[in-house]
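Undergrad: Any chance you could fold what I've pasted below:
(chains A, B, C and D)
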Number of protein chains: 2
Amino acid sequence: MSEENPEFLIDKASDADTDGAERRVFEEFLRQRGLKFTQARRLLLDKVFSMHDHFTAEQLLDRLRTDGIGASKATVYRTLSVLLECDLLTAHDFGEGALYYEHTFGHDHHDHLFCLHCKTITEFRDDAIEEHQDRVTGHLGFRTLTHSLKIYGVCKGCSDEEPGLVERYAASPGIVRHRS
Amino acid sequence: MSEENPEFLIDKASDADTDGAERRVFEEFLRQRGLKFTQARRLLLDKVFSMHDHFTAEQLLDRLRTDGIGASKATVYRTLSVLLECDLLTAHDFGEGALYYEHTFGHDHHDHLFCLHCKTITEFRDDAIEEHQDRVTGHLGFRTLTHSLKIYGVCKGCSDEEPGLVERYAASPGIVRHRS
DNA sequence: GTGTCTGCAAAACCTTTGCATGATC
DNA sequence: GATCATGCAAAGGTTTTGCAGACAC
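TA: This is a model prediction of the structure:
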């Protein structure tokens, strides 16, 4: 492993080709529940799986419209909700007002770095952290269903470009919003 | 340390007596900014520091009214905002719609377990987890300002009382809401 | 043809804000 | 007395919902 690509960094490009498996999962899920595989749902599924970054409902709607697909806001939210239920999608709240979604098919759990300046989201995974979490919950008899670790700060790119940025954010709690 | 009280559990009772220090901090902060120490702010500060659990703005408002203190919703939100800015308060988003607040005076950083069934919030701290986080961000040149680790699941009390609860939640992604 | 889905607009929800009145320094 | 704070109601944002017409099975 090179220094530029440490073992805990997640390679986003590797999920580029899912071989259409998400579609089979989706169709099967719909069938089981007596729901219908409509054109809107097919178009939305395709769009969601063509985006390999995190996106909000509004951004998804915009990109659909750019493609000339006239889906309504209600349908976007309702379809995202179905995709969440069948585990093809995950939502993350970074305290920015809207939820960020990412498709998750065959992806392992991972955690996030959120740059408060450029809003870039970086994914990472660290087994040691996971193990320590399990140790804590095990001690307490707490049965974990899901968990989230989010680290907020300033990414290397931003702090290289603008030295003093970190100090500026640290002095402006209003920007960090004290959400933790 | 007894088994009932592992070293990573945070003893909430220990912050019961702050000796009024939070009031001095608050007054000093207000003075520095040319803000006023009004009756509403004093009453809210007292109430916030008399509550040793996590609470929402709505719950705070209710408890104030129970005490016969008629603060408006706007004032509650505005005062919470000031308390956040002077680091006497922290807000947490557990995906329940509203933010949960907790007063933090002389408290070290800690993480949270959230029981999806009884909504109980348990605090813990684990230095090893923090160290691993620092290692990851260090590798990436990411400058951390704050972070949050939240573990969602079913607490020991709930799963003892209702066996099968965990499985029920695991099968109902809609309840977990897929927020992570 | 039955049952589900879509789009629109309106509502829900928490939170913030504008403005006139009232309190603090 | 100047300035900031309060309360009310209205607006802000994202997300959800009711309903009539449209589509999938």
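
Undergrad: next one: the biggest strand by length in chain A to chain centre, how far?
TA: Determined from DSSP state E, the single longest strand within chain A is strand A:143-154. When distances are taken as CA atoms, centre = their mean, to the nearest Å, strand A:143-154 is centred 12 Å away from the chain's centroid.

Undergrad: tell me which parts of chain A are close to DNA strand C?
TA: For chain A, the contact set with DNA strand C under CB under 7 Å from any atom of the strand comprises A:30, A:34-36, A:38-41, A:70-75, A:78-79. From N, CA and C alone the C-beta is placed, and that goes for glycine too.

Undergrad: Which two among those residues are spaced furthest apart?
TA: Greatest spatial distance among those (CB to CB): A:34 and A:70, at 26.8 Å.

Undergrad: Pick out whichever of the two has more residues nearby.
TA: Between residue A:34 and residue A:70, residue A:70 has the larger neighbour count (other CB atoms under 10 Å in any protein chain shown), namely 11 against 6.

Undergrad: And what about the residue nearest to that one when sequence neighbours are not counted, helix, strand or coil?
TA: Once flanking residues are discounted, residue A:70 sits nearest to residue A:64: 7.8 Å by CB to CB, 6 or more residues apart in numbering or on different chains. Recorded secondary structure, residue A:64: helix (DSSP: H, G, I helix; E, B strand; the rest coil).

Undergrad: Run through the residues that contact residue A:111.
TA: A:123, A:124, A:125, A:126, A:129, A:148, A:149, A:150, A:151 (CB atoms under 8 Å, 6 or more residues apart in numbering or on different chains).

Undergrad: Generate JSON lines for those, with pLDDT, neighbour count and distance to residue A:108 as supplementary columns.
TA: Listed next are the contacts of residue A:111 as JSON lines, based on pLDDT from 0 to 100; neighbours: other CB atoms under 10 Å in any protein chain shown; distance: CB to CB, whole Å:
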{"residue": "A:123", "pLDDT": "93", "neighbour count": "16", "distance to residue A:108": "10"}
{"residue": "A:124", "pLDDT": "93", "neighbour count": "22", "distance to residue A:108": "11"}
{"residue": "A:125", "pLDDT": "92", "neighbour count": "16", "distance to residue A:108": "6"}
{"residue": "A:126", "pLDDT": "92", "neighbour count": "19", "distance to residue A:108": "12"}
{"residue": "A:129", "pLDDT": "95", "neighbour count": "24", "distance to residue A:108": "13"}
{"residue": "A:148", "pLDDT": "92", "neighbour count": "19", "distance to residue A:108": "14"}
{"residue": "A:149", "pLDDT": "95", "neighbour count": "24", "distance to residue A:108": "14"}
{"residue": "A:150", "pLDDT": "94", "neighbour count": "21", "distance to residue A:108": "17"}
{"residue": "A:151", "pLDDT": "94", "neighbour count": "23", "distance to residue A:108": "18"}
